[in-house]
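K.L.:
with the input below, show me the fold.
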Amino acid sequence: MFGVDFANGWFLLAALLAAPALWWSLRSAGRVTFSSLRALPLGGTTWRTALAWVPDALMALAIVAFAIALAGPRAGDKNARVRREGIAIMMAVDISGSMRALDLNQKQEETRLDVVKKVFEQFVLGSKRLAGRADDAVGLVAFAHYAETRSPITLDHANLVTAARQLDFAPEEEDGTAIGAGLALAVQRLVEFKANSKVVILLTDGESNFHEIPEDAAIDEAVKANIKVYTIGAGTNGVAPIRRTYRDGRSDLVPMQVSIDEGTLRRIAEKTGGEYFRATDGASLRNIYAQIDKLERTALEEERFTEYHQYYGTFVVLALAFIVASLLLRGTVMRRLP
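P.N.:
Numbering: from 1, shown residues only. As a prediction, this is how the structure comes out:
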């Protein structure tokens, strides 16, 4: 409960002793014989007699606190969690000029690349709909005319997300879409990494127009290495709005002809045992990542830690405080006779 467990849970049964202890203490209340009820205070009840049970209750609480302390309450240190040998994931993202299109955002304020970066961050770190990949090693490849590694496969997700946020469009002289190069580099990075399961998520919004590394060659390497590839086609077919900025600072939206090479993306997914998805807006892209998130999960039966924060000391102090308070009250304002 609340991230706390007990090293010796059976000791919690000792807390049951509090009930008979309280009963016995209340039963043994002091008695004084009076020759007449007239000798008692008017009404027979004062605040002391009304609260006479408090010292006994404090003793019972002390027993409960000691029982909890003996049970060893503790919380695992998340920084010392034993990580399971999980999945290695390589994300390959298209950063060609067509990723400037604004059709994945309803308000047409964010480019395709902006939306992709946000959803990828949620996929890695977690969100309301995505559990995150805390136990998985994730890397990042960007491709246009050429492919380059932006983040090696790592468990340091903070630096990975920083690298993703820094993704920008390829310069004009390197513009283009080389799906084969992007896939080949992602596969190469995974081949070099040891993991039980290896996955590539390849996202593009266009057609492959540079074939220095043929797509079929990259597919063969993925199949040989037993790497599953999920492909995502992002954006609409036909025409999409793109923002054009002029030298004087003015900007406007102009239509851009776009198309997605769905045939190639389907072929990559089918031959490697993955799936092809189509994202036409930010919501559908999040849904796609949610589906991949469910498909690529390693069952985890238990969560183990190498270090714990121990809380038994707190309950020992509480128990001693209850005892001292009980004895002070019983010896002063709530003293019994005889």
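
K.L.:
can you pull out the helices in the stretch 101-250 of the chain?
P.N.:
Using DSSP state H, counting those that start in this stretch, the helices found in the stretch 101-250 of the chain span residues 112-125, 157-165, 179-191, 215-224.

K.L.:
average pLDDT for the second one?
P.N.:
This means helix 157-165. Helix 157-165 shows a mean pLDDT of 94.

K.L.:
before we move on, what about the first one?
P.N.:
When pLDDT is averaged over helix 112-125, the result is 94.

K.L.:
adding mean neighbour count, write the helices of the stretch 101-250 of the chain out as JSON lines.
P.N.:
Glycine gets a C-beta too; all of them are placed from N, C-alpha and C. Converted to JSON lines, the helices of the stretch 101-250 of the chain look like this (neighbours: other CB atoms under 10 Å):
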{"stretch": "helix 112-125", "mean neighbour count": "22"}
{"stretch": "helix 157-165", "mean neighbour count": "17"}
{"stretch": "helix 179-191", "mean neighbour count": "24"}
{"stretch": "helix 215-224", "mean neighbour count": "18"}
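
K.L.:
so what's the residue count around residue 318?
P.N.:
By other CB atoms under 10 Å, the residues close to residue 318 number 17.

K.L.:
wait, it touches residue 66, no?
P.N.:
No - counting by CB atoms under 8 Å, residue 318 does not reach residue 66; the two are 9.1 Å apart.

K.L.:
quick one, strands of the stretch 1-150 of the chain?
P.N.:
For the stretch 1-150 of the chain, the strands defined by DSSP state E, counting those that start in this stretch cover 4-6, 73-76, 87-94, 137-143, 147-154.

K.L.:
and the second one, what does it pack against?
P.N.:
It refers to strand 73-76. Packing contacts for strand 73-76, counted by 3 or more CB pairs under 8 Å, 6 or more residues apart in numbering; DSSP states H and E, involve strand 4-6, strand 308-310, helix 312-331.

K.L.:
domains for the chain, by residue range?
P.N.:
Under the assignment automatic domain parsing, the domains of the chain span 4-29+45-77+306-331, 87-295.

K.L.:
just the ones you listed: most buried one?
P.N.:
Mean neighbour count (mean count of other CB atoms under 10 Å) peaks for domain 87-295 among the domains of the chain, with a mean of 18.

K.L.:
span of that one from start to end?
P.N.:
Length of domain 87-295, first residue to last, CA to CA, to the nearest Å: 11 Å.

K.L.:
which residues do residue 318 and residue 66 both contact?
P.N.:
Contact criterion CB atoms under 8 Å, 6 or more residues apart in numbering; residues shared by residue 318 and residue 66: none found.

K.L.:
so what's residue 147 up against?
P.N.:
Residues counted as contacts of residue 147 (CB under 8 Å, 6+ apart) are 92, 141, 178, 181-182, 184-186.

K.L.:
Throw these into TSV and include distance to residue 252, thanks.
P.N.:
Output for the contacts of residue 147, formatted as TSV (distance: CB to CB, whole Å):
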residue	distance to residue 252
92	32
141	33
178	30
181	34
182	32
184	38
185	36
186	36
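
K.L.:
and which of these is nearest to residue 219?
P.N.:
Within these, proximity to residue 219 (CB to CB) peaks at residue 184, which comes in at 9.4 Å.

K.L.:
show me the contacts for that closest one.
P.N.:
Applying CB under 8 Å, 6+ apart to residue 184 gives the contacts 147, 213, 217-218, 221.

K.L.:
returning to what we had before: same list, the strands of the stretch 1-150 of the chain, but as CSV with mean pLDDT please.
P.N.:
Formatted as CSV, those follow (pLDDT from 0 to 100):
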stretch, mean pLDDT
strand 4-6, 76
strand 73-76, 77
strand 87-94, 94
strand 137-143, 95
strand 147-154, 95
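
K.L.:
from the contacts of residue 184, which single one is nearest residue 191?
P.N.:
residue 221 (7.7 Å).

K.L.:
pLDDT wise, what is the closest residue in space to the closest one that isn't next to it in sequence at?
P.N.:
Leaving aside its sequence neighbours, residue 221 sits nearest to residue 187 (CB to CB, 6 or more residues apart in numbering; 4.9 Å). The score at residue 187 is 97. That number is its pLDDT.

K.L.:
same question for residue 42.
P.N.:
With respect to pLDDT, residue 42 has a value of 54.

K.L.:
what pairs with the residue lying closest to residue 195 once chain neighbours are set aside across the strands?
P.N.:
With sequence-adjacent residues excluded and distances taken as CB to CB, 6+ apart, residue 195 is closest to residue 88, at 3.7 Å. With DSSP bridges as the criterion, residue 88 is bridged to residue 137, residue 198.

K.L.:
circling back: could I get the helices and strands packed on strand 73-76 as CSV with distance to residue 73?
P.N.:
Output for the helices and strands packed on strand 73-76, formatted as CSV (distance: least, CB to CB, whole Å):
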stretch, distance to residue 73
strand 4-6, 6
strand 308-310, 8
helix 312-331, 6
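
K.L.:
alright, that wraps it up for me.
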